[in-house]
Every structure is written in structure tokens, then in C-alpha cells.
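> model the following, please.
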Amino acid sequence: MLLYRGDFITSSMQKARVTQDEVQSAIRGSGIADVAAVEAVVLETDGSMSVIKPQAESRHSSLEDVRGPH
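Predicted coordinates:
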């Protein structure tokens, strides 16, 4: 996980050699202008980034199998 609830996770970004600009670009590419409006950005095993938008309370989160601050 590279970003969680609007906060960049710099330790994860450094390990993955990903810059803040790259994360912000992925967010913009998802049609979101405000970083604070993002639930999470996940670095996938293929190197792509998934931008997760906040959703109403759900019993099953797509972030359940992701390591990070959740």
C-alpha cells in the first residue's frame, strides 16, 4: 500500500522505488483530483497501481489481503 486515507506511506514507497509524483499521476488517471478523496493506492504484483475510492460501509473490503495500516 502506497497511500492510505490521503496519507502517503513513504516507507512503502521507498521500498517499491515509487515517487509521490507517480502515485499522484495514478490518482489523476483515475479521475480524482484530490488525494484526500482516496481511500488507498495499492501497488499490484504486476507493477500497476490500483486507486481505491471510499465506499459505504461494506462487510468485505478489497483491502483485506493488502499489507498496510488498516
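
> can we go C-alpha only for contacts and neighbour counts from here?
Will do.

> could you pull up the mean pLDDT of the longest helix seen in the chain?
When the chain is scanned for its longest helix (criterion: DSSP state H), the result is helix 20-29. Here helix 20-29 scores 97 as its mean pLDDT.

> who's in contact with it?
2, 8, 13, 33, 35, 38, 41, 49-51 (C-alpha atoms under 8 Å, 6 or more residues apart in numbering).

> report the buried residues of stretch 16-32.
20, 23-24, 26-27, 32 (16 or more other C-alpha atoms under 10 Å).

> measure the spatially most central residue of the chain to Arg5 for me?
Central residue check for the chain by C-alpha atoms, centre = their mean: the C-alpha nearest the mean position is that of Val41, 0.8 Å away. Distance from Val41 to Arg5, counting by C-alpha to C-alpha, to the nearest Å: 9 Å.

> with Asp34 instead?
In terms of C-alpha to C-alpha, Asp34 sits 11 Å off from Arg5.

> which of these two has more residues huddled nearby?
In this view Asp34 and Arg5 are compared by other C-alpha atoms under 10 Å, and Arg5 has more residues nearby, 17 against 11.

> with adjacent residues omitted, what lies nearest to that one?
Glu39 (4.5 Å; C-alpha to C-alpha, 6 or more residues apart in numbering).

> neighbours of that neighbour, how many?
Using other C-alpha under 10 Å, Glu39 has 18 other residues around it.

> doesn't Ser50 fall inside a strand?
Yes. Assessed by DSSP: H, G, I helix; E, B strand; the rest coil, Ser50 belongs to a strand.
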